[in-house]
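**Q** Pasting a predicted model and its sequence here:
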Amino acid sequence: MIFLMFLVGFGVWLAAAIVFCKRIPRWLGVSKHGAVISVLLFPVVLALPVADDLIGRWQFYRLCDMEAVVTLSPDWEKVKRARRVSSPRSDVAGALIPIYSQGSEYVDADTGKTFMTHPHFYTYGGLLFGRLGLGLGSSTSCHPKNSEAVAKQINIYELLKQGEMK
């Protein structure tokens, strides 16, 4: 049923794109080469409903590659006991689609200073997939690729256990 609705929606948009592309040169007052302009505009007009999602997802994956990394403070080796604190959800500025950030911070239970950050990013998509529900509520997320290796290296699970024993 969802596929049929998709086909109907695509058919309507395809017909609308054809009509728009035929009329745009006339609306712009172009009389010479109108057919060429219509043909060149067609792929652009056809892709408009998903353009924000395509560009936004590219921005999302680029953000993940650059920002989704585990960060350790220089004095992490001095930590004997740790606590995990969740970061509040926050919007990421400058993206075409809504991207949210939320992660964890690990603090030294004795000093209260943060010694490790572990960010997560997620998005529901652009206009069609996120806001209008064609993504069916699914989200895309990313987290640091090296998080498990760093957790093993610093023995975070033992530090957390020691932090609970206070």
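**A** Looks like it came in fine.
**Q** Let me see the ranges of the helices in this protein.
**A** Using DSSP state H, the helices of the chain run over residues 2-27, 34-67, 147-154, 156-164.
**Q** May I see those helices arranged in CSV, with distance to D110 as well?
**A** (Glycine included, C-beta is placed from N, CA and C.) Listed next are the helices of the chain as CSV, based on distance: least, Cβ to Cβ, whole Å:
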stretch, distance to D110
helix 2-27, 54
helix 34-67, 29
helix 147-154, 16
helix 156-164, 9
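**Q** can you list the ones you listed in CSV and add distance to K113 and mean neighbour count?
**A** Shown next, in CSV, are these (distance: least, Cβ to Cβ, whole Å; neighbours: other Cβ atoms under 10 Å):
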stretch, distance to K113, mean neighbour count
helix 2-27, 50, 12
helix 34-67, 22, 15
helix 147-154, 15, 14
helix 156-164, 13, 15
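**Q** who wins for proximity to D75 among those?
**A** Relative to D75, the nearest member of these by Cβ to Cβ is helix 147-154, separated by 11.9 Å.
**Q** Setting the sequence-adjacent residues aside, check what's closest to S147.
**A** V70 (5.4 Å; Cβ to Cβ, 6 or more residues apart in numbering).
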